[in-house]
Each structure stands twice: as C-alpha cells, then as structure tokens.
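>>> fold the following.
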Amino acid sequence: MPLKLDLKSGEKMVINGAVLENVGANSKILVHNHAMILREKEVLTEELCSTPASRVYLALQCAYIFPDKQSDYLNLSETHLNDFVMACPSATSIVNKIRNFIASNDLYKGLKSVQELIEHETRVLDLFNKDLEQLDEHSR
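As a prediction, this is how the structure comes out:
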C-alpha cells in the first residue's frame with residue numbers, strides 16, 4: 001500500500017538515510033515501495049537527546065535509518081532499554097512492547113512505542129520532582 005506524504009515548504013524528511021527538503025511550495029509525495037521514512041517532526045537530534053528514554057529513541061532511530069550499522073544501534077538501544085528498566089521498573093511493559101517490535105523487525109512501530117516510554121518517563125520525573133518539593137517544604 002503506497003504511503004502519501006504532505007510536505008510543507010522547508011520541511012525535511014529522511015528516506016533510507018538521505019535527508020530531503022522541500023524547497024518549493026507544499027508538495028505531496030507518494031511512496032510506492034518499502035522505504036525507511038521519518039518526517040522531520042519524528043527525528044531526534046543528538047543535541048536534543050537529554051534523557052534516558054530519548055537515548056533509547058535516538059539509538060532505535062539510527063537503527064531504522066542506517067541499516068548498514070543496524071546491529072550496532074540495536075545493541076545500543078537494548079543497552080539503553082536495560083538501563084531504563086533497572087532505574088524505572090514501572091516501565092517494564094512498555095519496554096517489552098518495544099522489544100517485541102524490534103524482534104519482529106518493525107522498527108518504526110518500535111519508535112512509536114518509545115514515545116510512550118518518553119511520556120512515562122515524563123510522568124515519573126514529574127512525580128519525583130513533586131516529592132522533592134514536598135520534602136523541601138517540610139525541611140524548612
């Protein structure tokens with residue numbers, strides 16, 4: 001089934017590791033065969049990678065768009081997933097879901113599931129920060 005992409009002027013996307021940019025008016029692209037595609041809004045850069053869950057995303061993103069080094073990036077993503085579960089056991093079901101997508105070689109769905117991990121991480125960190133604030137108030 002073809003994939004239809006709408007690109008705004010100046011928007012970028014990655015197809016099989018190549019970065020493409022729409023330099024004209026809005027464009028519609030129809031991709032007829034299997035390709036590794038990420039829209040600009042789905043791409044995470046190293047500069048923006050600042051949390052454990054974002055490191056999982058970046059490693060899996062690289063495995064997805066750079067098939068020549070896929071095994072290296074998959075090993076790195078597994079290391080990051082192991083570290084994440086050790087620090088945050090409440091994320092085990094999400095991590096297992098990601099691992100299942102990786103095992104079935106559906107890395108794009110794995111990336112989408114890492115977004116759930118990032119949301120979970122945000123909730124956990126928010127609760128942690130609230131607890132710290134309460135402790136700080138009690139210690140005054």
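>>> residue 121 contacts residue 50, correct?
No - using Cβ atoms under 8 Å, residue 121 is not in contact with residue 50, being 11.0 Å away. C-betas here are computed from N, CA, C, even on glycine.
>>> who's more crowded, those two?
residue 121 (20 against 9; other Cβ atoms under 10 Å).
>>> check which helix or strand covers the more buried one.
Using DSSP states H and E, the element containing residue 121 is helix 107-139.
>>> any idea of the mean pLDDT for that helix?
Taken as a whole, helix 107-139 has a mean pLDDT of 87.
>>> for the closest residue to residue 43 other than its chain neighbours, give me its contacts.
The shortest distance from residue 43 to any non-neighbouring residue, by Cβ to Cβ, 6 or more residues apart in numbering, is to residue 14 (6.3 Å). By Cβ atoms under 8 Å, 6 or more residues apart in numbering, the residues touching residue 14 are 20, 36, 37, 38, 43, 65.
>>> out of these, list just those in helices.
Counting by DSSP state H, the contacts of residue 14 place residue 65 in helices.
>>> could you save the contacts of residue 14 as JSON lines and add columns showing pLDDT and neighbour count?
Listed next are the contacts of residue 14 as JSON lines, based on pLDDT from 0 to 100; neighbours: other Cβ atoms under 10 Å:
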{"residue": "20", "pLDDT": "87", "neighbour count": "14"}
{"residue": "36", "pLDDT": "87", "neighbour count": "16"}
{"residue": "37", "pLDDT": "89", "neighbour count": "18"}
{"residue": "38", "pLDDT": "90", "neighbour count": "18"}
{"residue": "43", "pLDDT": "91", "neighbour count": "16"}
{"residue": "65", "pLDDT": "92", "neighbour count": "21"}
